[in-house]
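In: the following comprises the amino acid sequence and a computationally predicted model.
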Amino acid sequence: MANYELMFIIDPALEDEAKAATVEAVKGIIATEGEVIGEADEWGMRKLAYPIMKKSEGYYVVIEFQAPPTLPKELDRRLKISDHVIRHMIIAKDEK
């Protein structure tokens, strides 16, 4: 299993319950084949560097996890089609 870090930005227009549900859904996707290391680091509302979908702020979340090399591709696919996530990035921490 390799170490990864996922950062994603949730739509700021969502209610707090929907934001928490989105974070839990992402953790659930990771838990199917891998495991979350520690807790999700929720940075909260931050200003975006540039407007995305006419929004200037977003709710940032960072999750570190361990998973086989096949999981990040599936996670990427599912986050791309999510209506609640406006941007995401998966980083492999083990690569040199």
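Out: Noted; the coordinates are in hand.
In: rest of the way, CA atoms for contacts and neighbours
Out: Will do.
In: for the protein, which helix is longest?
Out: For the chain, the helix with the greatest residue count under DSSP state H is helix 16-33.
In: all strands for the chain, in order.
Out: In the chain, the strands defined using DSSP state E lie at 2-10, 35-52, 55-67, 85-92.
In: what pairs with the second one, parallel or antiparallel?
Out: Here strand 35-52 is paired, per DSSP bridges, with strand 55-67 (antiparallel).
In: Y59 contacts I9, doesn't it?
Out: Yes. Assessed by CA atoms under 8 Å, Y59 is found in contact with I9 at 5.3 Å.
In: how close does Y4 sit to G38?
Out: Distance, Y4 to G38, by CA to CA, to the nearest Å: 13 Å.
In: rewinding a little: quick one: work out the angle between the longest helix of the chain and strand 55-67.
Out: On the basis of axes from the mean of the first three to the mean of the last three CA atoms, to 10 degrees, helix 16-33 is oriented at 30 degrees to strand 55-67.
In: just give me how far helix 16-33 sits from the chain centre.
Out: With CA atoms, centre = their mean, to the nearest Å as the basis, helix 16-33 stands 9 Å off its chain's centre.
In: pull out the buried residues from it.
Out: K19, T22, V23, V26, K27, I29, I30 (16 or more other CA atoms under 10 Å).
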